[in-house]
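Got a predicted structure plus its sequence, pasted below:
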Amino acid sequence: MSITAIKGFNDILPGEVEKWQHIEATARDVFSRYGLSEIRIPILEKTDLFARSIGDTTDIVEKEMYSFIDKGENRVTLRPEGTASVMRAFIEHKLYALDPVSKLYYMGPMFRYERPQKGRYRQFHQIGAEVTGVANPRVDAQVLTMLSQFFAALELDEPSLEINSLGCPECRPAYRETLKEFLRSKLDSLCEDCRRRFETNPLRALDCKVEGCKNATAGAPAMLEHLCAGCDAHFASTREHLELVSTRYRINNRMVRGLDYYTRTTFEMVTGLLGAQSAVAAGGRYDGLIADLGGPSIPGIGFAMGVERVALLLDAAKFSSSPALFIVALGEQAQKSAFSIACELQSGGVSVEFDYEGKSMKSQMRRADKLSCRYTLIIGEAELASGRAPLKEMATGIQTEVPLTPESIVCQLKS
Ligand code: HAM
């Protein structure tokens, strides 16, 4: 029996990978316009890093981490997200000493032991951005605008931006109590998860997808109505700056994030096109995280997008690339000539395919067709003798004779 991949771990095959390359290139292009630099962080970190940052009572830390003891008896975890690692590196290398504002992005695989389904995997990929050092809401608006521009650059109408504020340590505890008071009489209508989280993380009931919880929390008090003056002003200014640059958003006062480090602004890019997995990107402000991880008191804000989910929104057909030329060669001498012409054209920047095995003309033409090559060049004994061969444009069927030299072929391909 052959060995298959682990459940929830996917291969990204040719045909699909071109979309990923386009997404990555677009992110690099858009992010660099906003002054972000790339950081590459390890896939494996000490388990404590995630427990301390994401939160002990979150689903990620409680149930979803790939954690194990390594051969040196260290407790380690395959990273379930990037923010904690980037902040660990930020503190460890004192990046704040280089510039008071640090703007970083990263891309790569993350690991969560979730129930796999469309858009949800156990190894998935994120492209994330983290901006630290600015408490001013202008940076919230800029990060959100950059994220919106990324999706605009992909020419996607979906997803759309939703924002909320989760308050801060000054106003959230009182709101939590108000919410608990509201939920206490409705505990029987809540799902098992929400009942379990009632003491430790009651806010999660607000974005629970279970019908009973949705009904029970319909009239629940919202954090936005219980913000302290500082958080209220921050949210108002974020909105004002979004509007100043016409970045479209809607307020979702039931949005609760699944990670504990958030303060104030939180946001999601949501779509109705991916079933239950509606969040294509998500993030927020984390003004206490760097200090919690043992660094200086520096605010931060960031997001991560799920590359698989972005790819699901993109039309694969637009990104497939086909060779410019297929050289059909008949006979040993012609095959040698095809081999060396192909080699020269490839080193000169032209994408070329040819037959390696001396197959029939029909089979070579069939492959050229299948690969959607733009041109075919046919070389046989007669062409070798005359030094000229027919070059056919596949879409139009127009055929021209070209001298059998790489320079002439390139000239004709360009004309
Ligand atoms: P998150 O909401 O856990 O936030 O994940 C961000 C995005 O990663 C989600 O919106 C989704 O698109 C994608 N994602 C998450 N889990 C899966 C999965 N199992 N399969 C496929 N895609 C998935 C974070 O990770 C934060 N670190 C974001 C952040 C950065 N906040 C501040 N800075």
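Happy to help now that I have it. Numbering: from 1, shown residues only.

Isn't Ala84 up against Phe50?
Yes. Counting by Cβ atoms under 8 Å, Ala84 does reach Phe50; the two are 5.5 Å apart. C-betas here are computed from N, CA, C, even on glycine.

Common neighbours of these two, please.
With contacts defined as Cβ atoms under 8 Å, 6 or more residues apart in numbering, no residue is adjacent to both Ala84 and Phe50.

Show me which residues of the stretch 101-250 of the chain are close to the ligand?
Contacts of the stretch 101-250 of the chain with the ligand, taken as Cβ under 6 Å from any ligand atom, map to 112, 114, 119-121, 124, 126, 128, 130.

out of those, which are inside strands?
When DSSP state E defines the strands, the subset of these inside them is 124, 126, 128, 130.

OK, contacts around the third one?
With contacts taken as Cβ under 8 Å, 6+ apart, Gly128 has the following neighbours: 81-83, 86, 105-107, 283, 302-305.

ok, now the second one?
By Cβ under 8 Å, 6+ apart, the contact list for Gln126 reads 81-82, 106-108, 110, 304-307.

can we see that at 10 Å?
Shown here is Gln126, whose contacts under the criterion Cβ atoms under 10 Å, 6 or more residues apart in numbering are 79-83, 106-110, 281, 303-308.

which one of the residues of the stretch 101-250 of the chain next to the ligand is nearest the ligand?
Phe124 (3.4 Å; Cβ to the nearest ligand atom).

In contact with the closest one, which residues are there?
Phe124 neighbours (Cβ under 10 Å, 6+ apart): 8-10, 80, 109-112, 114, 116, 306-309.

again, only this time at 8 Å
Taking Cβ under 8 Å, 6+ apart, we find Phe124 in contact with 109-110, 112, 306-308.

which residues does it bridge with?
When bridges are called by DSSP bridges, Phe124 pairs up with Met110.

hang on, the earlier thing: so which of the contacts of Gly128 belong to strands?
Mapping those onto strands (DSSP E) picks out 105-107, 283, 302-305.

Show me the two of those residues that sit farthest apart.
Checked with Cβ to Cβ, the ones in strands among the contacts of Gly128 reach their widest spread between Met107 and Gly283, with 14.7 Å between them.

neighbour-wise, which of those two wins?
Between Met107 and Gly283, counted using other Cβ atoms under 10 Å, Gly283 has the larger neighbour count: 25 against 19.

now the contacts of Gly128 as a markdown table including pLDDT?
Output for those, formatted as a markdown table (pLDDT from 0 to 100):
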| residue | pLDDT |
| --- | --- |
| Glu81 | 98 |
| Gly82 | 98 |
| Thr83 | 98 |
| Val86 | 98 |
| Tyr105 | 98 |
| Tyr106 | 98 |
| Met107 | 98 |
| Gly283 | 98 |
| Gly302 | 98 |
| Phe303 | 98 |
| Ala304 | 98 |
| Met305 | 98 |
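
which one among the residues you listed gets closest to Asp292?
Using Cβ to Cβ, Thr83 is the member of these that lies nearest Asp292, at 12.0 Å.

Need the three-state assignment for Thr145.
Taking DSSP: H, G, I helix; E, B strand; the rest coil as the rule, one finds Thr145 in the helix state.

Name the nearest residue to it, sequence neighbours excluded.
When the adjacent residues along the chain are set aside, Thr145 lies closest to Thr247, with 4.5 Å between them (Cβ to Cβ, 6 or more residues apart in numbering).

now the helices for the stretch 1-150 of the chain?
Counting by DSSP state H, counting those that start in this stretch, the stretch 1-150 of the chain forms helices over residues 17-33, 47-54, 59, 83-92, 137-153, given from the N-terminal end onward.
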